[in-house]
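*Asks:* sequence first, predicted coordinates after that:
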Amino acid sequence: MESIMKSTLRYLSNKNKLNKFELITLNYMRKLINANIDDDKMFIFNEWKKELNTISDDILEIKAYEYFDFMSWLESKLGKKSFAEVVRAKKK
């Protein structure tokens, strides 16, 4: 998995297509891969969510949010709920 992460980072960097969202996501995925304890993973998910919130209003980063609802996915991980539950709750 680590080699896939490095290859992806290298590919995006060479294409000059690496934006803040991708960089943040790749960094936190690497941290999750290396985390062994559930408490560490919860801390990582929480920090990841905070950092994505800081760029959520950036016009250059909004496109990433159109493809997948990462914030709901992170909330499902933090709340130990299914992704579907979180999305349904947001729709109401």
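*Replies:* Received, thanks.

*Asks:* low-confidence ranges, the chain, go.
*Replies:* Residues of the chain that meet the criterion pLDDT under 70 are absent altogether.

*Asks:* so where do the helices sit in it?
*Replies:* Taking DSSP state H, the helices of the chain run over residues 2-14, 20-34, 38-55, 62-67, 70-79, 83-91.

*Asks:* just say which of these is most tucked in.
*Replies:* helix 70-79 (a mean of 17; mean count of other Cβ atoms under 10 Å). For glycine as for every other residue, the C-beta is placed from the backbone atoms N, C-alpha and C.

*Asks:* which strands and helices sit next to that one?
*Replies:* Using 3 or more Cβ pairs under 8 Å, 6 or more residues apart in numbering; DSSP states H and E as the contact criterion, the elements in contact with helix 70-79 are helix 38-55, helix 83-91.

*Asks:* cutoff 10 Å now
*Replies:* helix 20-34, helix 38-55, helix 83-91 (3 or more Cβ pairs under 10 Å, 6 or more residues apart in numbering; DSSP states H and E).

*Asks:* those: which one's closest to residue 66?
*Replies:* helix 20-34 (11.2 Å; Cβ to Cβ).

*Asks:* what angle separates that closest one from helix 70-79?
*Replies:* With axes from the mean of the first three to the mean of the last three Cα atoms, to 10 degrees applied, the angle from helix 20-34 to helix 70-79 works out at 20 degrees.

*Asks:* CA atoms only: put helix 20-34 into CSV for me.
*Replies:* Extracted C-alpha coordinates of helix 20-34, given in CSV (Å, rounded to 0.1, in the frame of the first residue of the first chain):
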residue,chain,number,x,y,z
LYS,A,20,-4.4,20.7,-1.5
PHE,A,21,-7.3,18.2,-1.2
GLU,A,22,-5.3,15.4,-2.8
LEU,A,23,-2.2,16.2,-0.8
ILE,A,24,-4.1,16.2,2.5
THR,A,25,-6.0,13.0,1.6
LEU,A,26,-2.8,11.1,0.7
ASN,A,27,-1.0,12.3,3.8
TYR,A,28,-3.9,11.2,6.1
MET,A,29,-4.3,7.9,4.3
ARG,A,30,-0.6,7.2,4.9
LYS,A,31,-1.1,8.0,8.6
LEU,A,32,-4.1,5.6,8.7
ILE,A,33,-2.1,2.8,7.1
ASN,A,34,0.6,3.1,9.8
